[in-house]
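**Q** Show me the folded form of this:
(one chain, ligands or ions: 1)
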Amino acid sequence: MSKTEIFTQLATYDHEQIVFCNDNATGLKAIIAIHNTVLGPGLGGTRVWNYSNEAEAINDVMRLSRGMTYKAAISGLNLGGAKAVIIGDASKIKTEALMRKFGRFVENLNGKYITAEDVNTTTKDMEYVNMETKHVVGLPESMGGGGDPSPVTAYGVYMGMKASAKNVFGNDSLSGKKIAVQGVGKVGGHLLDFLHKEGAQLFISDINEEMLKHYATTLGATVVKGDEIYGLDVDIFAPCALGAILNDENVAKLKCSIVAGAANNQLADETIQGPLLMSKGITYAPDFLINAGGLINVYQEHIGYNRDTAYRKAEHIYDVTLEIIKVSANEKIHTQKAAMNLAEKRIQDISKVCATY
Ligand code: NAD
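**A** This is a model prediction of the structure:
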């Protein structure tokens, strides 16, 4: 890839900076993308992934960093958007030395980028990063961190789901509602607990048979096979496993009134499936809005951790979801677009505040 192509990519979504980190001794090949720091330092996790080529890695880190800008902005956090990827097979390349070297690169950015856990990185990895830089969050509670963010993420998703229900059914009670949860991992599992407590009727799918058995036994959830989850006659569908599952084919199968889940980038193409869901009369709770509880939790860690405050801020997702649904109806735009507009407006407004000393 030539220099020109990278700068063209940077300009496409107005990225501020991209940093290539190479270290032959440890085998580290990492890319840090800083999308926008108008609201504050760019925060986003570090993903380790065996990309098939460098262009794929660059594309992923740029797309993910931009997503973090929107998530922080709509959540009212004083954070910008950034992300890092380390190229390679996590089971082979991750060592203390490699993670610490990566920490040094993060340190050299002087706080413009704050890192955290992501796909294929663990709390232990962040402990190594933390040996070289203080610009890392998602540390264990024993080290003064906020611990596992997934309960707060699940709580935010629950709030977004209840707000959507209020709009669609006239009240926000989920008692007796049929809810299908795809992916019963860390977030999906905590979400099931909230929904069960409220008396929802649960349907679940996962590739992990043990987890399915666990929730079928403990919560009385009905297990559904693989793709059958899309066509279930339910009130709410909660994607909590994979991104890009809302493609034309799957959306065509949906019989639910609401889609509200934790997975990142659920819409295969927001410009296509956003309007498609709207035309089918399905209320889509924007993923980056309702799954922001994890980011809210690590932001609290950045400014001084308090779990109660993190939950209180995640509760606010309820009000913002209601507002987004209202704007979507008034302006006849899909909810993802309405959410993106609100996030962009906050960045624009605050950039004027920051324009003078
Ligand atoms: P996780 O790995 O704990 O859970 C994901 C679950 O999905 C696993 O149980 C896995 O077996 C299952 N799964 C994988 N492929 C599947 C398939 N084809 N069909 C059905 N199930 C499948 O991850 P998590 O932390 O619970 O995160 C879930 C989603 O939410 C991810 O998309 C993640 O990016 C997003 N998210 C998580 C957080 C957080 O705080 N953990 C925050 C924001 C967004």
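**Q** What sits closest to the residue most central in space within the chain if chain neighbours are left out?
**A** In the chain, the residue lying closest to the centroid (C-alpha atoms, centre = their mean) is residue 264, at 4.6 Å. Spatially, and ignoring its direct neighbours in sequence, residue 264 is nearest to residue 243 (5.2 Å; C-beta to C-beta, 6 or more residues apart in numbering). From N, CA and C alone the C-beta is placed, and that goes for glycine too.
**Q** What of residue 138?
**A** Distances taken as C-beta to C-beta, 6+ apart place residue 116 nearest to residue 138, at 4.0 Å, with adjacent residues excluded.
**Q** How about the contacts made by the one you found?
**A** Contact partners of residue 116, counting by C-beta atoms under 8 Å, 6 or more residues apart in numbering, are 43-46, 126, 136-138, 298.
**Q** ok, now residue 178?
**A** Residue 178 is in contact with 200-201, 203, 232-236, counting by C-beta under 8 Å, 6+ apart.
**Q** among those residues, which are in strands?
**A** Those of those mapping onto strands are 201, 203, 236, per DSSP state E.
**Q** I'd say the first one and residue 177 touch.
**A** Which is residue 201. Yes: taking C-beta atoms under 8 Å as the definition, residue 201 is a contact partner of residue 177 at 6.9 Å.
**Q** Write out the residues of the stretch 151-300 of the chain neighbouring the ligand.
**A** Counting by C-beta under 6 Å from any ligand atom, the stretch 151-300 of the chain comes close to the ligand at 153, 182-188, 205-208, 211, 240-243, 262-264, 291, 294.
**Q** which among those end up buried?
**A** 153, 182-184, 186-188, 205-206, 211, 240-241, 262-264, 291, 294 (16 or more other C-beta atoms under 10 Å).
**Q** and those, which of them are in helices?
**A** Per DSSP state H, helices hold the following members of these: 153, 186-188, 211, 294.
**Q** Most widely separated two among these?
**A** Farthest apart among these by C-beta to C-beta are 211 and 294. That separation is 19.6 Å.
**Q** where's residue 161, which helix or strand?
**A** Here residue 161 is covered by helix 150-169, with elements defined by DSSP states H and E.
**Q** Does anything pack onto that helix? Which helices or strands?
**A** When contacts are defined as 3 or more C-beta pairs under 8 Å, 6 or more residues apart in numbering; DSSP states H and E, helix 150-169 packs onto helix 186-197, strand 236-239, strand 258-259, strand 283-284, helix 287-290, helix 293-303, helix 307-315, helix 317-331.
**Q** Let's have the ones you listed in TSV, adding mean pLDDT.
**A** Shown next, in TSV, are the helices and strands packed on helix 150-169 (pLDDT from 0 to 100):
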stretch	mean pLDDT
helix 186-197	97
strand 236-239	98
strand 258-259	98
strand 283-284	98
helix 287-290	98
helix 293-303	95
helix 307-315	96
helix 317-331	98
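**Q** follow-up on the earlier one: could I get the contacting residues of the residue nearest to the centre of the chain?
**A** 67, 243, 287-288, 291.
**Q** what's around the closest residue to residue 285 other than its chain neighbours, how many residues?
**A** Once flanking residues are discounted, residue 285 sits nearest to residue 260: 3.8 Å by C-beta to C-beta, 6+ apart. If you count neighbours by other C-beta atoms under 10 Å, residue 260 ends up with 31.
**Q** Just read off the phi/psi values of residue 260.
**A** phi -150, psi 110 (degrees, to the nearest 10).
**Q** and what of residue 23?
**A** When read as degrees, to the nearest 10, the backbone of residue 23 gives phi -140, psi 110.
**Q** Relative to residue 32, how far out is the residue nearest to residue 27 when sequence neighbours are not counted?
**A** Counting by C-beta to C-beta, 6+ apart, residue 27 lies nearest to residue 93, which is 5.8 Å off, once chain neighbours are set aside. From residue 93 over to residue 32 the distance is 17 Å, taken as C-beta to C-beta, to the nearest Å.
**Q** Give the residue from the two that has the larger number of neighbours.
**A** Taking other C-beta under 10 Å, residue 93 and residue 32 do not tie; residue 32 has more neighbours (27 against 18).
**Q** In terms of helices and strands, where is that one?
**A** Going by DSSP H and E, residue 32 is part of strand 28-36.
**Q** What is the subsequent helix or strand relative to that strand?
**A** Proceeding N to C from strand 28-36, the next assigned helix or strand is strand 42-43, under DSSP H and E.
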